[in-house]
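> Okay, structure incoming, though there's no sequence with it:
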Ligand SMILES: Nc1nc2c(ncn2[C@@H]2O[C@H](COP(=O)(O)OP(=O)(O)OP(=O)(O)O)[C@@H](O)[C@H]2O)c(=O)[nH]1
């Protein structure tokens, strides 16, 4: 059975190794904590259709490896993302200190307009906290990010983080600040999908007639 949705948003989950990115994705998709999570090799992928303000939105989520040795691979997946969860671990100052680098990558490689929510993960480890809520919320404000503390373990604020990001993108589409039809926006809407369908049909007809295919309607959102 084919899926129907109004919009498709490309999302990234980025941040240092061990901050809980894969566990956040798993909690969002499966509604449970991923036991025995291993380091991600390159990128992993998940998707889920959510309802935001009466619109159905398919979130196509790329969970990237945080380890430095995969950085050149993961960077190639940033292009055209509409939204991102930028994750640090509230119990690790080192992961918080690395945020500026991740942020620079996201804005230069994905899009300067990418909507980012900062997630202070492992909120359940409050006793081992190395980063206060206040300093992270200041950092978020100074860098034009939304902010939530999350726990992939308990599920607290996980759904909210993804939905908040999606809601902000939809609001920006409504106000005209974001144009879903711009190439590389990381957003597809049904009209665009229909154009793609039309292109496919036209291409098949052209090929059938032995004519050269020239497609003026090619949209590219991610590099697979
Ligand atoms: N207490 C607690 N532990 C968590 C939470 N989220 C993840 N973890 C643990 O943190 C470790 C790393 O989690 P991952 O999701 O694999 O981390 P990652 O950011 O995807 O790591 P890379 O793939 O290497 O970038 C695992 O041992 C998880 O069990 C959380 O919210 N609370």
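Structure's in. What do you need? As the structure is a prediction and not an experimental result, all values here were calculated from the model. Numbering: from 1, shown residues only.

> For this structure, which residues are neighbours of the ligand?
Within the chain, the positions lying close to the ligand (C-beta under 6 Å from any ligand atom) are 17-23, 37, 39-40, 65-67, 121-122, 124-125, 151-153. (C-beta placed from N, C-alpha, C; glycine too.)

> Which ones among those residues map onto strands?
residue 121 (DSSP state E).

> Pull out the buried members of the residues of the chain next to the ligand.
Burial by neighbour count, 16 or more other C-beta atoms under 10 Å: within the residues of the chain next to the ligand this picks out 17-23, 40, 65-66, 121-122, 124, 151-153.

> Can you name the two of those residues that sit furthest apart?
65 and 124 (23.6 Å; C-beta to C-beta).

> Helices - which of the buried ones among the residues of the chain next to the ligand land there?
Among those, DSSP state H puts 21, 22, 23 in helices.

> check contacts around the second one.
The neighbourhood of residue 22, defined by C-beta atoms under 8 Å, 6 or more residues apart in numbering, consists of 34, 37, 40, 44, 63.

> export those residues to CSV and tack on pLDDT and distance to residue 180?
What follows is the contacts of residue 22, written out as CSV (pLDDT from 0 to 100; distance: C-beta to C-beta, whole Å):
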residue, pLDDT, distance to residue 180
34, 95, 32
37, 93, 33
40, 94, 29
44, 93, 26
63, 96, 24
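
> Any chance of a markdown table for these, columns distance to residue 167?
Below are these laid out as a markdown table (distance: C-beta to C-beta, whole Å):
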| residue | distance to residue 167 |
| --- | --- |
| 34 | 25 |
| 37 | 28 |
| 40 | 27 |
| 44 | 24 |
| 63 | 21 |
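
> between these, which is nearest residue 83?
residue 63 (13.4 Å).

> Mind telling me what element the closest one is part of?
When elements are assigned from DSSP states H and E, residue 63 belongs to strand 55-64.

> Could you work out the end-to-end span of stretch 63-71 for me?
13 Å (C-alpha to C-alpha, to the nearest Å).

> Now do that stretch: everything it contacts.
Contacts with stretch 63-71, where a contact means C-beta under 8 Å, 6+ apart, come from 12-19, 21-22, 25, 39-46, 73-74, 77.

> Same question for stretch 165-175.
Residues contacting stretch 165-175 (C-beta under 8 Å, 6+ apart): 7, 9, 11, 50, 52-53, 55, 57, 59, 82-85, 115-117, 146, 178-180, 187.

> Go ahead and build a PyMOL selection from the buried members of those residues.
The PyMOL selection below is limited to those of the contacts of stretch 165-175 classed as buried (16+ other C-beta under 10 Å):
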select buried, resi 7+9+11+50+52+55+57+59+82+83+84+85+115+116+117+146+178+180+187
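
> Restricted to strands, list the contacts of stretch 165-175.
7, 9, 11, 50, 52, 55, 57, 59, 83-85, 115-117, 146, 187.

> so which of the residues you listed comes closest to the ligand?
residue 85 (10.6 Å; C-beta to the nearest ligand atom).

> Contact partners for that closest one?
11-15, 21, 24, 116-117, 119, 161-162, 165.

> Can you list the strands that the strand holding residue 63 pairs with?
Its sheet considered, strand 55-64 pairs with strand 7-15 (parallel), strand 43-52 (antiparallel) by DSSP bridges.
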